[in-house]
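Student: Quick check, what structure comes out for this input:
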Amino acid sequence: MKKIIYIALISLTALVSCSKETLNPVPSNAVSDEQIFSSVESAQTALNSGMAYVGHYMSLTLGTVMAEVMGEDAAMSSGAYGFPTYNWNLYSYTYSQVPASEPWWFGYANYIWPADYHGIDAANSIIKYVSEMEDEAGKDNLLGQAYALRGFMFLRLIRLFAPAYTLDANAPGVILRTEPADAASENLGRSSVKEVYAQVISDFSQAMNLISNTSTDYFTTRSVALFMARAYQDMADWSNAAKYAEIAAGNVFDGSNLMSKEEWRSGFKDHNAEWLMFFNFVPATSNYYASLPSFYYLADGYDDAAEDGKVDFEKWDQGWNVLDGYSTVRWTKRFRESFEDSDCRKMFPFYFYEADGYITNKFSHRTVIGDAEFPLARIAEAYLIKAEAEANSGNASVAKSVLNALQVARGATPTDGSLDKIYYERRKELYGEGFRLHDLRRLHQPLDRTKDPEHWAEVKSLPADSPRFMLPIPEYEMLYNHALTAADQNEYWRK
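Tutor: From the prediction side, this is the model:
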């Protein structure tokens, strides 16, 4: 069967990564590989299709919010305080995820998994067919983008659907499909966690050798370096984590390459020099409310708020409409109070009910809901990876220097460079960007919500390395992929 590239994005619910029955319905606006891969210019269409899945709300939005509310600093509004929940990520917060796709809000695995495999399939097609094209300007960069896209998607999948590398590198990971998929494609089982990370590193290495692009709405060598550092951090390979964090930061760790306090406080809606890669949510691609900021942002502030941010709900309801998007994520009082007043990251301007938690305005919109840019890679993360790598390598003075440079740039008091301080600085710098669940997993930390009364979910604590920290393999994959058996389902959902 000819490989088909789709100009339009196909409904995710109809597709899975390995199903022979449903993988290749051919739409009327499809074009053959001879057409789409006739030139670099035309093949760019395939790349753009794959890149759309990098920021697709069914993966980026769901996965990012999920990784925050499955931790202890963020919570979902319960619906008991005048704000509806809409069910979005409610069942991530309560650890009630299931493999099933109905009702949809219980089973986000069924959306994230096929979305990421769509991106992988686009990358596989480019790698296969562009490699066969005659050399022309832009060919190497296009291939580099495809390798980076595939590595990015596999890294995103392995962090959600498998155990942490440092817990069991030989455990089942995800499905390593590295060839374009069609109706005749072979069913594949789960490769090991180690094999998947090896593929991620290989893809990123290839990408760094090929990419010439410098526009940060696509992959660049520096953003790929940061993603490599992130992968090596997962693997506790501290030498390589530091090496690639240095490349990402331009080997500058004095604070001069970080965004200013004013830029930080302006609300993350427009990229700046610190953002190594971003996704541009616009109404046409983010389904308006389904953009990431929609779940966080309510308003810049409220003039009549008390010193601690308390706003009278009854007075608020007299014409001041703060609802801008779903606005369902809240932050705990204890987390808010961990920031000094001088810290530009203390962006929790008000709350209505103490039991409902604080609202953040770290993320904003430009003109309308669904119109904002979101960072996928920031230099600040390179600082934190570098500090952690140096601390783990016994270079305490270097770790402290790098950490302090970040703290000073944000208006915070410098601390020692211990791992505990670095870990907590990650929570303060990266909150809302989708890191907390992954840090719990890779650091073998327990979930502890018992200190924060805002948490209303029944799951108040989980032990380190709980199997509930990963998502189930979707029911579509288990049903249609005949290389899988019931034993291949992740432990907590295994029947």
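
Student: Next up, the contacts around Pro414.
Tutor: Counting by C-beta atoms under 8 Å, 6 or more residues apart in numbering, Pro414 touches 400, 403-404, 407-408. Glycine gets a C-beta too; all of them are placed from N, C-alpha and C.

Student: go again using 10 Å as the cut-off
Tutor: Contact partners of Pro414, counting by C-beta atoms under 10 Å, 6 or more residues apart in numbering, are 400-401, 403-408, 421.

Student: State the pLDDT value of it.
Tutor: Here the pLDDT value assigned to Pro414 is 98.

Student: Strands along the stretch 301-450 of the chain, start to end?
Tutor: Taking DSSP state E, counting those that start in this stretch, the strands of the stretch 301-450 of the chain run over residues 329-331, 372-378, 447-448.

Student: thinking again about what came up before, so which of the contacts of Pro414 is the most crowded?
Tutor: Within those, most neighbours by other C-beta atoms under 10 Å means Leu403, with 26 neighbours.

Student: doesn't Glu390 make contact with it?
Tutor: Yes: with contact defined as C-beta atoms under 10 Å, Leu403 counts as touching Glu390 (9.2 Å).

Student: Just the contacts of Pro414: which are in helices?
Tutor: Of the positions in those, 400-401, 403-408, 421 sit in helices, assigned by DSSP state H.

Student: Can you tell me which of the residues you listed lies closest to Asp182?
Tutor: Asp182 has its nearest neighbour among those in Leu406, at 47.3 Å by C-beta to C-beta.

Student: Pull up the overlap in contacts between Leu403 and Glu390.
Tutor: 253, 417, 422.

Student: Pipe those residues into CSV and attach neighbour count and distance to Met153 per row.
Tutor: Shown next, in CSV, are those (neighbours: other C-beta atoms under 10 Å; distance: C-beta to C-beta, whole Å):
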residue, neighbour count, distance to Met153
Phe253, 24, 29
Gly417, 22, 34
Ile422, 26, 28
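
Student: which one of the residues you listed is nearest Phe106?
Tutor: Using C-beta to C-beta, Ile422 is the member of those that sits closest to Phe106, with 35.7 Å.

Student: Quick check: the closest one touching Ala396?
Tutor: No: applying C-beta under 10 Å, one finds Ile422 not in contact with Ala396, separated by 11.0 Å.

Student: what residues do those two have in common as contacts?
Tutor: Contacts common to Ile422 and Ala396, judged by C-beta under 10 Å, 6+ apart, are 390, 416.

Student: Helix or strand: which one has the nearest residue to Gln489 once chain neighbours are set aside?
Tutor: Leaving aside its chain neighbours, Gln489 sits nearest to Ile473 (5.5 Å; criterion: C-beta to C-beta, 6 or more residues apart in numbering). Under the criterion DSSP states H and E, no helix or strand holds Ile473.

Student: Over to Tyr129?
Tutor: Using DSSP H and E, Tyr129 sits in helix 109-130.

Student: name the helices or strands packed onto that helix?
Tutor: For helix 109-130, the packing partners by 3 or more C-beta pairs under 10 Å, 6 or more residues apart in numbering; DSSP states H and E come out as strand 4-5, helix 33-36, helix 40-54, helix 62-69, helix 139-161, helix 193-210, helix 475-480.

Student: Could you point out which of the ones you listed sits nearest Ala249?
Tutor: Evaluated with C-beta to C-beta, the helices and strands packed on helix 109-130 place helix 193-210 nearest to Ala249, the distance being 15.1 Å.

Student: Can you mark which positions in that closest one are buried?
Tutor: Buried residues in helix 193-210, counted by 16 or more other C-beta atoms under 10 Å: 193, 195-201, 203-204, 206-208, 210.

Student: got it, and stretch 107-119?
Tutor: Going by neighbour count (16+ other C-beta under 10 Å), the buried part of stretch 107-119 is 107-119.

Student: go on, stretch 377-393?
Tutor: Buried residues in stretch 377-393, counting neighbours by 16+ other C-beta under 10 Å, are found at 377-392.

Student: Give the residue spans of the stretch 1-150 of the chain that score low on pLDDT.
Tutor: The stretch 1-150 of the chain contains residues with pLDDT under 70 at 1-34.

Student: can you do 90?
Tutor: Along the stretch 1-150 of the chain, the parts satisfying pLDDT under 90 run over 1-38, 81-88, 100-107, 132-135.

Student: picking up where we left off before, which one of the shared contacts of Leu403 and Glu390 is nearest Glu274?
Tutor: Within the shared contacts of Leu403 and Glu390, proximity to Glu274 (C-beta to C-beta) peaks at Phe253, which comes in at 13.1 Å.

Student: how about the closest one, what does it touch?
Tutor: Phe253 is in contact with 245-246, 379, 382-383, 386-387, 390, 398, 401-406, counting by C-beta under 10 Å, 6+ apart.

Student: List the contacts of Lys400.
Tutor: Taking C-beta under 10 Å, 6+ apart, we find Lys400 in contact with 387, 390-391, 414-418, 421-422.

Student: Restricted to helices, list these.
Tutor: Counted as lying in helices by DSSP H, out of these, are 387, 390-391, 421-422.

Student: Pipe those residues into a markdown table and attach distance to Tyr326 and pLDDT per row.
Tutor: Below are those laid out as a markdown table (distance: C-beta to C-beta, whole Å; pLDDT from 0 to 100):
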| residue | distance to Tyr326 | pLDDT |
| --- | --- | --- |
| Ala387 | 34 | 98 |
| Glu390 | 40 | 98 |
| Ala391 | 38 | 98 |
| Lys421 | 34 | 98 |
| Ile422 | 32 | 98 |
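
Student: Could I get the residues you listed in TSV, plus columns for distance to Ala355?
Tutor: Formatted as TSV, the ones in helices among the contacts of Lys400 follow (distance: C-beta to C-beta, whole Å):
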residue	distance to Ala355
Ala387	36
Glu390	41
Ala391	37
Lys421	30
Ile422	32
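
Student: ok, of those residues, which one's closest to Ser260?
Tutor: Using C-beta to C-beta, those come closest to Ser260 at Ala387, 20.7 Å.

Student: The closest one against Lys421, yeah?
Tutor: Yes: at 8.9 Å, Ala387 and Lys421 qualify as touching, with contact defined as C-beta under 10 Å.

Student: any common contacting residues for those two?
Tutor: With contacts taken as C-beta under 10 Å, 6+ apart, Ala387 and Lys421 have 399-400, 403-404 as neighbours in common.
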